[in-house]
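Participant: okay, sequence plus prediction incoming.
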Amino acid sequence: MEKIKIKYFTDEIERLCYIDGKSDWIDLRASERVELKAGEFKLIPLGVAMELPKGYEAHVVPRSSTFKNYGILQTNSCGIIDGSYCGDDDMWRLPAYATRDTVIEKNDRICQFRIVENQPQILFEECVHLDGKNRGGFGSTGKQ
Ligand SMILES: O=c1ccn([C@H]2C[C@H](O)[C@@H](COP(=O)(O)OP(=O)(O)OP(=O)(O)O)O2)c(=O)[nH]1
């Protein structure tokens, strides 16, 4: 089991909870009421800052119901929370674009995260040709 040190910026959101069995992604809540007009962008505060376990980062994505319920899109597709983002003021935020007029209430669950191990250090070794067989891509699977 991994331990995460967490700071809440408000008592008005429920505490994060790891729910065993159903999904290991952990829901995050808006820490203030946010009203957006169609076409507006906002960094929605999530009311938490964390010190992740050494060697981990966190990935934040919307919940599957987020677009249906609120009409917002996460503008960076997947939020990367670096392990170094662990200062007292390093509150997590969701960059969101509203496709319609919408209201997100304080404490609404709008996205989810999991922690992921950092990739190993990478050294790029330049070459002229690669030895592998060309795989094809972008719709080539199952075609000759
Ligand atoms: O959806 C996100 C993405 C990032 N962050 C926080 C955590 C992350 O560690 C920090 C910095 O993010 P990033 O490294 O992506 O941005 P940057 O390097 O400051 O800016 P950019 O890479 O866009 O130049 O912002 C969030 O709270 N939510």
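Facilitator: Okay, I see it. Numbers count the residues shown, from 1 in each chain.

Participant: which parts of stretch 59-71 are buried?
Facilitator: 60-63, 66, 70-71 (16 or more other CB atoms under 10 Å). To be clear about C-beta, it is placed using only N, CA and C from the backbone, and glycine gets the same treatment.

Participant: where does the chain have low pLDDT?
Facilitator: 144 (pLDDT under 70).

Participant: skip the chain neighbours and tell me the closest residue to the residue in the chain positioned nearest to the ligand.
Facilitator: When scored by CB to the nearest ligand atom, the chain has G79 as its residue closest to the ligand, at 2.4 Å. Nearest residue to G79, sequence neighbours excluded (CB to CB, 6 or more residues apart in numbering): V60, at 3.6 Å.

Participant: where does that neighbour land in three-state SS?
Facilitator: Put simply, V60 is strand when judged by DSSP: H, G, I helix; E, B strand; the rest coil.

Participant: look up how far C86 lies from it.
Facilitator: Relative to C86, V60 is positioned 15 Å away (CB to CB, to the nearest Å).

Participant: ok, I115 next?
Facilitator: For I115, the distance to C86 - CB to CB - is 13 Å.

Participant: identify the contacts common to the two.
Facilitator: L52 (CB atoms under 8 Å, 6 or more residues apart in numbering).
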